[in-house]
Structures are given as structure tokens and as C-alpha cells.
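[1] Give me the fold of what follows.
(chains A and B)
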Amino acid sequence: MNALDFSIAAQAWPYLWSGLIFSLSLTAAAFAIGMVLGTCLALVQHFEIPVLAQLVRGYVAVIRSIPLILVLFWFFFLVPIVLGHLIGNGRPIPIGANATAFITFGLFEAAYYSEIIRVGLRAVNKGQFEACQALALSTYDTYRHIVLPQVLRVASPIILSQTIILFQDTSLVYVLSLTDLLGAASKLAQLNGRLVEMYLVVAVTYLAISSAASQCVAALRKRYAVATSR
Amino acid sequence: MPQETVSNTAQTAAIVVVENVMKRFGAFTALNDVTLRVGKGEKIVLCGPSGSGKSTLIRCINHIEKHDGGRIVVDGVELSHRVADINSVRCEVGMVFQSFNLFPHLTVAENCMLAPMKVRGLSQAEARDRALGLLQKVRIGDQADKYPAQLSGGQQQRVAIARALCMQPKIMLFDEPTSALDPEMVKEVLDTMIELARDGMTMVCVTHEMGFAREVADRVVFMDRGSIIEEADPETFFRAPRTERAKGFLNQIIH
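    Okay, here's the model as predicted:
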């Protein structure tokens, strides 16, 4: 019977580290793109902008009913062909695995974040809007300084959960032959036969990062607790 | 008496003119052919049973509710559907709500500074100076950097008054400003309002605080079922209401 041998993990760390960096940067980029785009999508629906609101609703519904792995595939294989027909001579224009991952994750997460923000927008007290009107604040200032900050504060736990799911979903990039944290571990595990050690190390890493993120948000919420409790 | 001279000049220079205003919510008529003139510096107390349209009326004056018919002119600007008209009216009309409606994520000072900076174009330093000055005036200068939730109800409502005053409005509207307060906090808010009245502010107050009405009101306007039923100076109104409905209402609130 083989005893657990974690020295193998120490040797493997540089490779795992590069996988982890990829996972984290993909998460950060998808979070940034997703939040900015998601907020725009939510506002388009909130303001009931004609035609656009219907299109956004359709987009969100479609994205949310398809597995991310399928979206990754489609984007990787179909978008080059579409681009080729649109701007080229019909020959596919490759966009590369990395770009595919970043764009797809961003667009995918935007749909989820937009739902969270859309619900948050509806939860803002009517009196807040009336106070802004009474002070002659423009619609832009009302949303920029009063409504959205409150939405983000109220929705931050749900946004965090979604972001932790996003962080774990980055492992799906294996379908594009990209190497994230889990991908790196599984490659090494197959090379050196130390499956248990490798997967344990990876699990602990995911756990540490996810719970650290939770702690951060809990601390932030505590800081703002006085401001939000009424 | 100085108060009488104020109310006499008030009749000549109306700053708010409400003429034949109609407002419906679906099948319900909230305001039915309401006409009211408010003179510069005049203090008006609006009272009446709940659902009588008094809140709706003052909410129409700064266009938080859109009137369906008639005319509303505030400081020479008629409220139309033009955003520019609506905003120029709102700049001159401050409003205090029953539920305070402070911005919970901003400090007391920031609550007061936002609109003067964004709408009036004040610098941050100017806005803070003005905010601190007015917070001092409503006697909560030392709470400027707290969040609203850290203050008592009475203090929050005084912040709301200071926030409205920071826009330097010509008219102040009060929509049942003491109804959501614990009894022991009503007085501090009313005292603030009385002080404001003494400074010569034009005020339209929806309130059932009859002591306040007696002390500052030039006119009490009694509404019922969307119409103005009776208008009189407070002494006359409380001592000898003309209509049965006003008598019934006064009996109910005084017991």
C-alpha cells in the first residue's frame, strides 16, 4: 500500500501555479467583462428600451439554458466561420483558444450577472427614486450614485456565489486544450500516477481561494452593515 | 402683526399656482378640480382624512406625480412634459417625505452634498461648507460623518430637511414629516420647521399637527375626497369650521 507522498506536489507546484494563474486571470477578466456588460444588459431591461430589451431577454434566456461547455465549443468552431463570411472571403478566421475562453466566459457570465442586477434594481425602495426626483438629480446621476451602489451592496453575496461558481467553471477550458489549475493537476497526475495527492492539493487550493473570497465579502459587508441596515 | 402683512403680500405675488388640477389613478379620482394659490413666504397647512388627496397635491407641485388636467405654475414656470421645465421647478422646490428617504449608503454630509454638486455645480468644498452650515442649523452638525442608520428617526428627518435646504429652494413641501416618528421625536422636527417658517420660507405642509398649524400657518386648507372643502386662517378653522366634514375630521383627530 502506497503512503501519501506530497513531495510530488511540491515538485509539481510551478506547473500547478501557472495553471492557477490562468484560472484566476480568466475569473478576473470574466468577472470584469460580465459585471460591466451584465449591468448594461440589466439596465436595458430595466428601462424597457424598445427592441433592445426583447433582444437582451432572448440572449439571457438562451445563454442560461445552454451548458457553458457547449457555448465554448460553438464559439471556438462557429465564430471563426461566421467572421470569415462576414469580413473575409469565406475562409474561417481563427480567433485562438485563449481569446475564445476570455470572450466566451465574459459573455456567458454577463447573462448571469445581469439577472442578479435586474432583480436588485427592482428591490430598491421607491422612496429612493422619489428623493432623487425631488432633488432634481438626472437619471444618470440617480443610477450612478444612488441606485446602482445600493444594488451592488445588496446583491454582493449572490454576485460572490456566482463568481465562485465562475472560478470553478474555469476548469472547463480543457475542451479548448488550455491548462488551468485542475487541468495542470490532472496532466501531472497521469504522468506520475499520484492521482490522490494531486487532486487533494488542487481541492485544498480551490477551497482556500473560495473561502478567502467569502471572508473578504463578509468583512466588506460588516463595514457597510451600518449603512444598509435600516 | 407681522404675520398678517406677510399673508397680505402673499396674495399679490403667488409663487405656486394650482389651477383646476385633475389627477386620476385608474378609476379613482385623487384630485378633482383643485385650485390653490400660495404666496411668497406663505405657510400653508394641508389637512384632511387619509385618501383625501393632500399628499397627491403636493407631489404634483414638484411633478413626482403627473397631473392629468389643469395647470401648475411654480415660480413662473409652468409644469409641462418638458424635462427642462420639470427640473427647473424641482430645483426651486425642496421636499421632505414621511419616510425620510435618506440615501442609506452615503454619510449625512454626502446626502446633503450630492445634489448641490451634481445639479447646482458646486465644488466639493463649497457643497460641504453649505451642508455643514445647514446641518448645524438643524442642530446635528456633529453627526455629519455618520450614516443615516446610526441616527434616530428625528435626527434622520432633520437631515432630510437640511438635504432639501442645501439646494436653496424657494419653496419647501412637507409630506407628513412627523407621521413616521416616535412621539418623543416629533417636537424636535416641528421646532426645526417652525424655525424655518420664521426665516420666511414658503411652506406647504401636509400634517395633522394642529399645534404646529396654529403656530405657523397663514392658512389651513382642508381637503376631502380630492377637493378643497374649506380654507381659513388657523384660528377660524379650528374654532369654527364651516363644513360638517371639517367638523367631523377635527373631532376625530382631537378626540
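
[2] And the helices in chain A?
    A:7-46, A:52-64, A:68-87, A:97-123, A:126-134, A:139-141, A:148-169, A:181-192, A:195-228 (DSSP state H).

[3] could I get these as JSON lines with mean neighbour count?
    Placement of C-beta: from N, CA and C, glycine included. Shown next, in JSON lines, are the helices of chain A (neighbours: other C-beta atoms under 10 Å in any protein chain shown):
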{"stretch": "helix A:7-46", "mean neighbour count": "18"}
{"stretch": "helix A:52-64", "mean neighbour count": "14"}
{"stretch": "helix A:68-87", "mean neighbour count": "15"}
{"stretch": "helix A:97-123", "mean neighbour count": "20"}
{"stretch": "helix A:126-134", "mean neighbour count": "19"}
{"stretch": "helix A:139-141", "mean neighbour count": "13"}
{"stretch": "helix A:148-169", "mean neighbour count": "18"}
{"stretch": "helix A:181-192", "mean neighbour count": "19"}
{"stretch": "helix A:195-228", "mean neighbour count": "14"}
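
[4] thought B:Ser123 was touching B:Met117?
    Yes: here B:Ser123 reaches B:Met117: they are 7.4 Å apart, a contact under C-beta atoms under 8 Å.

[5] the more surrounded of the two?
    B:Met117 (19 against 10; other C-beta atoms under 10 Å in any protein chain shown).

[6] now B:Met223, what's its secondary structure?
    Under the three-state scheme (DSSP: H, G, I helix; E, B strand; the rest coil), B:Met223 adopts strand.

[7] how far away is it from B:Val18?
    According to C-beta to C-beta, to the nearest Å, B:Met223 and B:Val18 sit 12 Å apart.

[8] any residues in contact with both of these two?
    B:34, B:57 (C-beta atoms under 8 Å, 6 or more residues apart in numbering or on different chains).

[9] Between those two, tell me which one has more neighbours.
    More crowded of B:Met223 and B:Val18, by other C-beta under 10 Å: B:Met223, with 28 against 25.

[10] and the more buried one, what are its bridge partners?
    B:Ile228 (DSSP bridges).

[11] so what's B:Arg128 up against?
    B:109, B:113.

[12] mind checking pLDDT for it?
    B:Arg128 carries a pLDDT value of 97.

[13] And B:Ile72, which helix or strand is it part of?
    B:Ile72 belongs to strand B:69-74 when assigned by DSSP states H and E.

[14] ugh, wrong one, B:Thr29
    strand B:28-39.

[15] helices and strands around that strand, which ones?
    Judged by 3 or more C-beta pairs under 8 Å, 6 or more residues apart in numbering or on different chains; DSSP states H and E, strand B:28-39 is in contact with helix B:2-12, strand B:14-25, helix B:54-61, strand B:69-74, strand B:202-206, strand B:227-232.

[16] do that again at 10 Å, thanks
    helix B:2-12, strand B:14-25, strand B:43-47, helix B:54-61, strand B:69-74, strand B:202-206, strand B:219-224, strand B:227-232 (3 or more C-beta pairs under 10 Å, 6 or more residues apart in numbering or on different chains; DSSP states H and E).

[17] Report the mean confidence score over the second one.
    Think strand B:14-25. 95.

[18] What are the buried residues along that strand?
    Under the neighbour-count criterion of 16 or more other C-beta atoms under 10 Å in any protein chain shown, strand B:14-25 has B:14-18, B:21-23 buried.

[19] Can you tell me the strand partners of that strand and which way each runs?
    strand B:28-39 (antiparallel), strand B:69-74 (antiparallel).

[20] The third one now?
    Strand B:43-47 has the following sheet partners, assigned by DSSP bridges: strand B:202-206 (parallel), strand B:219-224 (parallel).

[21] Could you point out the helix or strand that follows the shortest one?
    Counting by DSSP H and E, the element after strand B:202-206 in chain order, helix or strand, is helix B:210-216.

[22] Tell me the gap between that following helix and the middle of its chain.
    14 Å (C-alpha atoms, centre = their mean, to the nearest Å).

[23] Could you name the helices and strands sitting against that helix?
    Helix B:210-216 packs on strand B:43-47, helix B:183-198, strand B:202-206, strand B:219-224, helix B:234-239, helix B:244-254, going by 3+ C-beta pairs under 10 Å, 6+ apart.

[24] ok, residues contacting it?
    B:3, B:43-47, B:174, B:177-178, B:186-187, B:189-191, B:193-198, B:203, B:205, B:207, B:209, B:217, B:219-220, B:233-235, B:237-238, B:250, B:253-254 (C-beta atoms under 10 Å, 6 or more residues apart in numbering or on different chains).

[25] got the buried residues for that helix?
    So helix B:210-216, judged by 16+ other C-beta under 10 Å, has buried residues B:210, B:212-213, B:216.

[26] Determine which two of these are furthest apart.
    Using C-beta to C-beta, the buried residues of helix B:210-216 span at most 11.6 Å, a distance reached by B:Met210 and B:Val216.

[27] what about A:Ala3, how many neighbours?
    4.

[28] That one and chain B: what is the separation?
    55 Å (C-beta to the nearest C-beta, to the nearest Å).

[29] A:Leu55 too?
    27 Å.

[30] Might you report the residue contacts of that residue?
    Contacts of A:Leu55 (C-beta under 10 Å, 6+ apart): A:41, A:44, A:49.

[31] just B:His105 next, same as before
    A:128, A:145-146, A:149-150, A:152-154, A:224, A:227-228, B:111, B:147-149.

[32] Using the three-state scheme, assign B:Met95.
    Once three-state DSSP is applied, B:Met95 turns out strand.

[33] isn't it right next to B:Ile64, touching?
    Yes: using C-beta atoms under 10 Å, B:Met95 is in contact with B:Ile64, at 7.6 Å.

[34] what sits in contact with each of the two?
    With C-beta under 10 Å, 6+ apart as the test, B:Met95 and B:Ile64 both reach A:130-131, A:133-134, B:58, B:173, B:175.

[35] which pair in these spans the largest distance?
    Every pair of those checked by C-beta to C-beta; the farthest is A:Ala131 and B:Ile58, at 14.6 Å.

[36] which residues does the most centrally placed residue in chain B form a beta bridge with?
    By C-alpha atoms, centre = their mean, the mean C-alpha position of chain B lies nearest to B:Leu173, the distance being 1.7 Å. B:Leu173 has these beta-bridge partners by DSSP bridges: B:Met95, B:Val204.

[37] any low-confidence regions in chain A?
    A:1-2, A:224-230 (pLDDT under 70).

[38] one step back: what residues are up against the residue nearest to the centre of chain B?
    B:Leu173 neighbours (C-beta under 10 Å, 6+ apart): A:134, B:16, B:46, B:55, B:57-59, B:61-62, B:64, B:93-97, B:164, B:202-206.

[39] Could you rerun that using 6 Å?
    Shown in contact with B:Leu173 (C-beta atoms under 6 Å, 6 or more residues apart in numbering or on different chains): B:58, B:95, B:204.
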